[in-house]
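**Q** got a sequence here, can you build the structure:
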Amino acid sequence: MAALLAAASVDEVLECNRALLLLALGESSQALAVLSAVTVVRLQDTAAAYRAIALARLGRRSEATAALDAAEHTFGRTSVLAAARSHIASGAPFLSVPDVSVYDDLVENVASAIARFRTMNPADQARVLQRQADPFEALLADYVRAAADAVVSLVPMMKGVQIDAIEDDLTAFIQHLLAARVQFLGWSVGDQSKGGFSAKGNAGERDLLITWGSSVLALIEAVICDRPLTQDVMKADLESHFQKLLGYGNPRVFFHLTYSYIEDKQGLLRCLEESAEMASPPGFTYLGREPIPHDDSRPPGFVARYSVDFGEVKVVFLVLNLGQQRQRQAAKAAAATKGRKASKNRKTPEAANGTILHSETNIPNVAVEP
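**A** Presented below is the predicted three-dimensional model:
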C-alpha cells in the first residue's frame, strides 16, 4: 500500500505542477482537463483549489464555489483552498508553496511559470516539454540533433573555412550551438574536460558533456569517417570511439557522433549497428536498439540500450552527412544539363543569315484575283 501511495504521489505532483503552469499561461481549459484525468491521493486539496480557479476563469463561478465548499467539508479550510476562494471572490493574490497562480497580468503569469520551471530538475523539465516514453532521452536527442543539423546545413557556406582537418573544429561548432539551446533550462555544455578513464588508467578527455550544476546529464564523443569501411583501421576507429565513450562517465545518456565524408551512408549505419551490438565493453549488456528515422533534415541514426550496474543506459548514434556527395552530384548534373541545352540553342551569325535567306526564297507567290 505504501508503494502504491508513493507512486501515485509522484504522478499527482507532476500533473498538479502541469495544471499550475497551464493556469499561469491562461490555459484554463487545458488545466481543467489535466486535473480531471489524474488520480489524486496526497494533494487533493491542491487539485481542488486549482480546479476551482480553472472553473471560475471559464465563467463557471457557481461550480467553482461548490467545488471549494465540498473540498473544505472534506479536508478543512487549508491554506491553498482559502487562497483559491479569496482569489475567486476578489482577485486577491496569494503567494505560498504550493501557490495558486492568481495574477491577471499575462506577463506576470508567464514570468511566474518560467521561474518555477527553471527550478525543476532536468528529468521533470523534460517531462513538461516531452510526452515520449523516455522524455529525458527524447529531449536531449532533440537538442543534439538540432545542433548537428545546423552544422550540416552550414557545410556549403564553409568553402573557405578549413575545419575538416580535425574533429575538434567540428565539435566546437556543435558545442556552441548546443549551449545556446540548453541555456534556458539552466544547463551548460563543456568541452575537453577530464573525467572517466583512459586506456592507461588516467583521467579521460571527453569531447563534450552536458551538465546541470555539477551533475553530468550526457556525454558526447565524435569521430571522423573519411575512409572506406573496407579498411579495417576505419572500422576499428569507429568501434574504439564507441567503447571509449562508455568509459568516460556514468550518465544515463551518451551520444556517438560520426562526421561522415564517405558516400556509403547506409553501410556506415550498418557498421555502427554491428559495433553497438557486438563490441560493447564488459559490463554493458546489449538489450536492443531503436531507429531514428530520416524524417527531416536532422541526422538519422539509432538508440542502443544497455543494462549496467544501476539500471539502463542509452547510446544515441548519429551520422552527420558532411560529405554531401549526392547534393554535389545533383548540382553538377544540373549545370551539365543546362550547358548542353545552351549549346544546342547557340548558332553562328552565318547560319542564322542562311536560315533567314532560305526562308525568304521559299515564300510562295499567291495570286490574288480581283
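
**Q** now do the domain split for the chain, please.
**A** 2-119, 125-325 (automatic domain parsing).

**Q** chain center to the last one: distance?
**A** Okay, so that is domain 125-325. 13 Å (C-alpha atoms, centre = their mean, to the nearest Å).

**Q** do the shortest one as well
**A** Relative to the chain's own centre, domain 2-119 is displaced by 30 Å; criterion: C-alpha atoms, centre = their mean.

**Q** about what we covered before: need the domains of the chain in a markdown table (columns: distance to K332 and mean neighbour count).
**A** Placement of C-beta: from N, CA and C, glycine included. Output for these, formatted as a markdown table (distance: least, C-beta to C-beta, whole Å; neighbours: other C-beta atoms under 10 Å):
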| stretch | distance to K332 | mean neighbour count |
| --- | --- | --- |
| domain 2-119 | 49 | 17 |
| domain 125-325 | 11 | 17 |
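
**Q** hey, least reliable of those domains by pLDDT?
**A** Lowest mean pLDDT within the domains of the chain: domain 2-119, at a mean of 76.

**Q** quick check, V216 in contact with P251.
**A** Yes. Under the criterion of C-beta atoms under 8 Å, V216 makes contact with P251 at 4.9 Å.

**Q** for the domains of the chain, which one sits closest to A333?
**A** domain 125-325 (12.2 Å; C-beta to C-beta).

**Q** can I assume L219 sits in a strand?
**A** Yes. Assigned with DSSP: H, G, I helix; E, B strand; the rest coil, L219 falls within a strand.

**Q** so what sits opposite it in the bridge?
**A** Under the criterion DSSP bridges, L219 forms beta bridges with L209, F254.

**Q** let's have the chain start at 58 instead
**A** I'll keep to 58 as the first residue from here, and by that count the last item is L276.

**Q** OK, contacts around it?
**A** Taking C-beta atoms under 8 Å, 6 or more residues apart in numbering, we find L276 in contact with 263, 265-267, 302, 305-306, 308, 311-312.

**Q** what segments of the stretch 108-257 of the chain are strands?
**A** Under the criterion DSSP state E, counting those that start in this stretch, strands of the stretch 108-257 of the chain are mapped to 245-252.

**Q** what's the end-to-end length of stretch 314-328?
**A** Taking C-alpha to C-alpha, to the nearest Å, stretch 314-328 runs 14 Å from one end to the other.

**Q** also stretch 130-143?
**A** 17 Å.

**Q** circling back: mind putting the domains of the chain in a markdown table, distance to T394 included?
**A** Output for the domains of the chain, formatted as a markdown table (distance: least, C-beta to C-beta, whole Å):
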| stretch | distance to T394 |
| --- | --- |
| domain 59-176 | 53 |
| domain 182-382 | 18 |
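
**Q** would you map the helices across the stretch 208-357 of the chain?
**A** Along the stretch 208-357 of the chain, counting by DSSP state H, counting those that start in this stretch, helices occupy 224-239, 289-303, 322-335.

**Q** okay if I get those as a markdown table plus distance to Y343?
**A** Listed next are the helices of the stretch 208-357 of the chain as a markdown table, based on distance: least, C-beta to C-beta, whole Å:
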| stretch | distance to Y343 |
| --- | --- |
| helix 224-239 | 26 |
| helix 289-303 | 12 |
| helix 322-335 | 5 |
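
**Q** for A387, which of these is the nearest?
**A** Taking those one by one with C-beta to C-beta, helix 322-335 is closest: 15.4 Å.

**Q** contacting residues around the closest one?
**A** By C-beta under 8 Å, 6+ apart, helix 322-335 touches 282, 286, 292, 295-296, 299, 313, 315, 317, 319, 343, 346, 357-359, 361, 372, 374, 376, 378.

**Q** and P356, what are its phi and psi?
**A** Note on P356: its backbone torsions stand at phi -60, psi 140 [degrees, to the nearest 10].

**Q** right, I mislabeled it, should have said S354
**A** According to degrees, to the nearest 10, S354 has phi -80, psi -10.

**Q** same thing with the one 5 residues further on?
**A** Dihedral angles of F359 (phi, psi; degrees, to the nearest 10) stand at phi -160, psi 160.
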